[in-house]
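J.: Compute the structure for the input listed below.
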Amino acid sequence: MDKPLYAYVLEKYRQRNIPVTAVFELTYGCNLNCIHCYNPTRSQTRDLSLEEIADAAEQMRRMGIMDITLTGGELFYRRDWYEAAEIFSRIGFTITVFTNAVLIDDKVIAQLTQIDPLLIEVSLYGSSPEYYERITRVKGSFARFVNGLELLKKSGLNFVLKPVVLRQNFQDYEAMLAFADSKGYRLRFRFSPCLLPSGRHRNDFRLSDGEMVELFRHAPEQAEAVFAKCGIGQGGLVVGPTGDIRPCVAYPTAAGNIREQTLEVIWQESPLFKELRDISMDELENCRLCNLKQYCEPCLALNLLETGDLLKPSEICRIAANRKLAKGGVLDEKQSQPRVH
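T.: Numbering: from 1, shown residues only. Model (predicted):
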């Protein structure tokens, strides 16, 4: 679909309050133990069965959802991930896969080839065992990661690496880029300064102010921002492993569960979705007169996680201040620059 046509379709979806995309978390199980993981649990949960996934997929088709992202946890950690992915493939959804690539072997490659995802996005945590396993906390995971990437490259499947830049691997950042370049791997550089508090309520992996400014200067396009309400609760939704429906990946509470209600009823009638859609930018009182707005990308879910209030930002303000500094600006005396917790 060409860009003008796709933009037209998106606008029609928005006018009719139809979600375009869905993220389907098939499991919270994972083969790694990353320091920044925000999954609420790695314990055994009563995940949706293949029959329940098929029912959810059919509901998504009837609603008009077009794009599905399959993820976890680690997608390939779920033993019947392929059968689940086949369900979405047969219906005709555009499929994106998120993975750490550590579990990829010849069998997984053959299965992915059958699914033929539009894109496979692979997290990159380091250029060496020292840095990579400092993040994953699993010995030997870097070697298996490298093997998975080589198998992906040989397969011809479309994949990109996504650098995850944390305080613990910041010094390896340049080497990560060089690692991808030396192997001929395509890199999607969009580091996220807006890291969520981990499932253990830790924030000590976030970049310091100085590190964030340096990274923004290295990639000036990342220092650009648009002060506008995000698309939370409007363009897409998230299905958790047990059927909980959330407005976005970062949002901590569910709007409903597809084991109890239909997806369309949750989408159209949930008080949570309605509340989020009704919020206007004018309600962000702390932001009205703030001269960091041109450097700010509000995130209601992160506000809630940080302060317990959708409308009260914290980490977002620090990120905006660092964007301003990276672009050569000077902070006013009134602009306190919060430190990493």
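J.: Same question for stretch 213-221: list its buried residues.
T.: For stretch 213-221, burial by neighbour count (16 or more other CB atoms under 10 Å) applies to 213, 215-216. All C-beta atoms are positioned from the backbone trio N, CA, C, and that covers glycine.
J.: now stretch 38-53
T.: 38-39, 47-48, 53.
J.: Including pLDDT, could the buried residues of stretch 213-221 go into CSV?
T.: Shown next, in CSV, are the buried residues of stretch 213-221 (pLDDT from 0 to 100):
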residue, pLDDT
Val213, 93
Leu215, 89
Phe216, 89
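J.: Any chance of the residues you listed in a markdown table with secondary structure and distance to Val97 as columns?
T.: As requested, the buried residues of stretch 213-221 are exported to a markdown table (DSSP: H, G, I helix; E, B strand; the rest coil; distance: CB to CB, whole Å):
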| residue | secondary structure | distance to Val97 |
| --- | --- | --- |
| Val213 | helix | 33 |
| Leu215 | helix | 27 |
| Phe216 | helix | 29 |
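J.: Can you tell me which of the residues you listed is nearest Ser89?
T.: Ser89 has its nearest neighbour among the buried residues of stretch 213-221 in Leu215, at 37.0 Å by CB to CB.
J.: Hmm, that closest one is touching Glu221, no?
T.: No - using CB atoms under 8 Å, Leu215 makes no contact with Glu221, being 11.7 Å away.
J.: which SS class is Ser123?
T.: strand (DSSP: H, G, I helix; E, B strand; the rest coil).
J.: What mean pLDDT does the helix or strand where Tyr6 lies get?
T.: Following DSSP states H and E, one finds Tyr6 within helix 3-15. The pLDDT scores in helix 3-15 average 81.
J.: what comes into contact with that helix?
T.: 1, 19-20, 64, 234-235 (CB atoms under 8 Å, 6 or more residues apart in numbering).
J.: Please pick the buried ones from those residues.
T.: 19-20, 234.
J.: can those residues go into a markdown table with extra columns for pLDDT and distance to Leu311?
T.: Compiled in a markdown table, the buried ones among the contacts of helix 3-15 are given as follows (pLDDT from 0 to 100; distance: CB to CB, whole Å):
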| residue | pLDDT | distance to Leu311 |
| --- | --- | --- |
| Pro19 | 93 | 24 |
| Val20 | 93 | 26 |
| Gln234 | 88 | 17 |
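J.: could I get those as TSV with secondary structure and distance to Leu305?
T.: Shown next, in TSV, are these (three-state DSSP; distance: CB to CB, whole Å):
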residue	secondary structure	distance to Leu305
Pro19	coil	22
Val20	coil	25
Gln234	coil	20
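J.: With distance to Glu11 as added columns, please give these in CSV.
T.: Putting those into CSV (distance: CB to CB, whole Å) gives the following:
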residue, distance to Glu11
Pro19, 14
Val20, 11
Gln234, 12
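J.: For Ile316, state which of these is nearest.
T.: Once CB to CB is applied, the member of the buried ones among the contacts of helix 3-15 that ends up nearest Ile316 is Gln234, at 19.2 Å.
J.: Can you tell me the closest non-neighbouring residue to the closest one?
T.: Arg277 (6.2 Å; CB to CB, 6 or more residues apart in numbering).
J.: gap between the one you found and Lys229?
T.: 10 Å (CB to CB, to the nearest Å).
J.: who has more neighbours, these two?
T.: Lys229 (16 against 13; other CB atoms under 10 Å).
J.: wait, doesn't the more buried one sit right on Asp282?
T.: No - using CB under 8 Å, Lys229 is not in contact with Asp282, being 10.2 Å away.
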